[in-house]
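1. Show me the folded form of this:
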Amino acid sequence: MPELSPEAEGKWKQLCRLLISYNDFKHASSVAHFYLNGDFDVDREEWDGGDYYERRVTGEAMNSAMIVSYARPFSGNDKAVKEKIPDLPGRYLRLLDENELRVHKNILSSRNKRVAHSDSEAWEMMPYQLEMAEGRKRVVPVCNDTLRPLPKEDIRTLVSICGTFMNAIVDERKELETQLDVYFPEMLVAESENG
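-> Presented below is the predicted three-dimensional model:
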């Protein structure tokens, strides 16, 4: 592989970000599809017995996975790395309409305040003392449900945004691959005996 010029090195890093981001959006979209096609949207105020708890926890886990995967391309990656791969360029956000941009901002906020971190403002934790029989007291936490999944309409929008970003990445990737053609190391693939 020839040595990269400074210009080619920048394009190489951008291509790497595109490849990484494509997989992040693909994962977020795949998890969102599973969530939307499953029975994970439980009424949190009603205990219906059965598999309620399993469905609730699975839905919360899927919500966390789709939010984290979606947010990765915008999350200030590689901060401590000398050879930093840049984040996905901000120009991708210009592809979104007003509602999609609102959902995008909500997802990033959810990632930063509820999913990847335990932000005290998001929790609004208030310990109360509960007086019980025979003069016993117990402290109980009252707080926001920070694990509540995104509304289904926002999840549908997330899927649409992922598709928009993935299509744009494919287009930009093709252009960069053409420009960087001479720099790619070659890999030989052995043909199987069965053709």
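2. Could you find the closest non-adjacent residue to Val100?
-> Rather than Val, residue 100 is Glu. Nearest residue to Glu100, sequence neighbours excluded (Cβ to Cβ, 6 or more residues apart in numbering): Ile161, at 5.3 Å. Just so you know, the C-beta spots here come from the backbone N, C-alpha and C atoms, and that holds for glycine as well.
3. so who does the one you found touch?
-> Shown in contact with Ile161 (Cβ atoms under 8 Å, 6 or more residues apart in numbering): Tyr70, Leu96, Glu100, Val103, His104.
4. if you look at those residues, which of them are in helices?
-> Applying DSSP state H to the contacts of Ile161, the entries found in helices are Tyr70, Glu100, Val103, His104.
5. can you count the residues close to the first one?
-> Burial of Tyr70 is recorded as 28 neighbouring residues (other Cβ atoms under 10 Å).
6. on that earlier part again, and the ones in helices among the contacts of Ile161, which two are furthest apart?
-> Of all pairs drawn from these, the one with the longest distance (Cβ to Cβ) is Tyr70 and Glu100, at 12.0 Å.
7. What's the local residue count around Tyr53?
-> In terms of burial, Tyr53 registers 11 neighbours under the definition other Cβ under 10 Å.
8. just Lys113 next, same as before
-> As a burial measure, Lys113 scores 16 neighbours (other Cβ under 10 Å).
9. pretty sure it contacts Glu121?
-> Yes. With contact defined as Cβ atoms under 8 Å, Lys113 reaches Glu121; the gap is 6.9 Å.
10. Which one (most neighbours) among the ones in helices among the contacts of Ile161?
-> By neighbour count, taken as other Cβ under 10 Å, the most surrounded of these turns out to be Tyr70 (28 neighbours).
11. what's the closest non-adjacent residue to that residue?
-> Nearest in space to Tyr70, with sequence neighbours left out and distances taken as Cβ to Cβ, 6+ apart, is Ala28 at 3.9 Å.
12. Phi first, then psi, for that neighbour.
-> In this entry, Ala28 is assigned phi and psi values of phi -60, psi -40 (degrees, to the nearest 10).
13. Now do the same contact list for it.
-> Taking Cβ under 8 Å, 6+ apart as the definition of contact, the neighbours of Ala28 are Ala65, Met66, Ile67, Ser69, Tyr70, Leu158, Cys162.
14. Test my guess that Val68 contacts Ala116.
-> Yes. When contacts are counted by Cβ under 8 Å, Val68 is listed as touching Ala116 (6.3 Å).
15. Which of these two has more residues huddled nearby?
-> Of the pair Val68 and Ala116, Val68 is the one with more neighbours under other Cβ under 10 Å, namely 19 against 14.
16. Show me what whichever strand or helix holds that one is packed against.
-> In this assignment (DSSP states H and E), Val68 forms part of helix 52-71. If you count contacts as 3 or more Cβ pairs under 8 Å, 6 or more residues apart in numbering; DSSP states H and E, helix 52-71 packs onto helix 6-37, helix 98-110, helix 152-179.
17. now the ones you listed as TSV including mean pLDDT and distance to Ala61?
-> Written out in TSV, the entries for these read as follows (pLDDT from 0 to 100; distance: least, Cβ to Cβ, whole Å):
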stretch	mean pLDDT	distance to Ala61
helix 6-37	93	9
helix 98-110	95	14
helix 152-179	95	14
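18. Good, we can wrap up now.
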